[in-house]
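Trainee: I'd like to go over a predicted model; first the sequence, then the structure.
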Amino acid sequence: QVQLVESGGGLVQTGGSLRLSCAASGRTFSTGTMGWFRQTPGKQRDLVAVINRSARVYADSVKGRFTISRDNAKNTVYLQMNSLKPEDTADYYCAASPRVMVTGKEADYDYWGQGTRVTVSS
């Protein structure tokens, strides 16, 4: 059974930093794709960043502030979030697929974590 477990969310002030982690178990995604999405109440889940073996793609709203990385030995993906803004407040979800892609479509990802909440105070 595949599981994705996020951690690292919390409350931070504007301009602060957080690092989210997503540990996968049950199968390896080292040759596939892992990504981070975020969602606020009443809105759709939007792509934040995605990483595969040859590319990293970011939403325009986080370029230059967020960095996605992965440790294949640990089957873990990270999201380093710097210069956080109140509009970054959301529930952040990890997603994974064994395929190589850079899509931001929810339906293209096979596995999802339970989410971790990030709150940025002004």
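Mentor: Happy to help now that I have it.

Trainee: quick one: Trp112 from Gly15, how far?
Mentor: Trp112 is 30 Å from Gly15, where distance means CB to CB, to the nearest Å. All C-beta atoms are positioned from the backbone trio N, CA, C, and that covers glycine.

Trainee: my bad, Val50
Mentor: 26 Å.

Trainee: what are the phi and psi values for Cys22?
Mentor: Main-chain dihedrals, Cys22, degrees, to the nearest 10: phi -140, psi 110.

Trainee: that one: how many residues sit nearby?
Mentor: Other residues near Cys22 come to 26 when the count uses other CB atoms under 10 Å.

Trainee: look at it and report its pLDDT.
Mentor: At Cys22, the pLDDT value in this model is 98.

Trainee: ok, what's across the strand from the closest residue in space to it that isn't next to it in sequence?
Mentor: Leaving aside its sequence neighbours, Cys22 sits nearest to Cys94 (CB to CB, 6 or more residues apart in numbering; 3.3 Å). Legend: beta-bridge partners of Cys94 under DSSP bridges are Trp36.

Trainee: so what's Cys94 up against?
Mentor: By CB atoms under 8 Å, 6 or more residues apart in numbering, Cys94 lies in contact with 4, 6, 20, 22, 34-36, 77, 112-113.

Trainee: which PyMOL command selects the buried ones in those residues?
Mentor: To isolate the buried members of the contacts of Cys94 in PyMOL, using 16 or more other CB atoms under 10 Å:
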select buried, resi 4+6+20+22+34+35+36+77+112+113
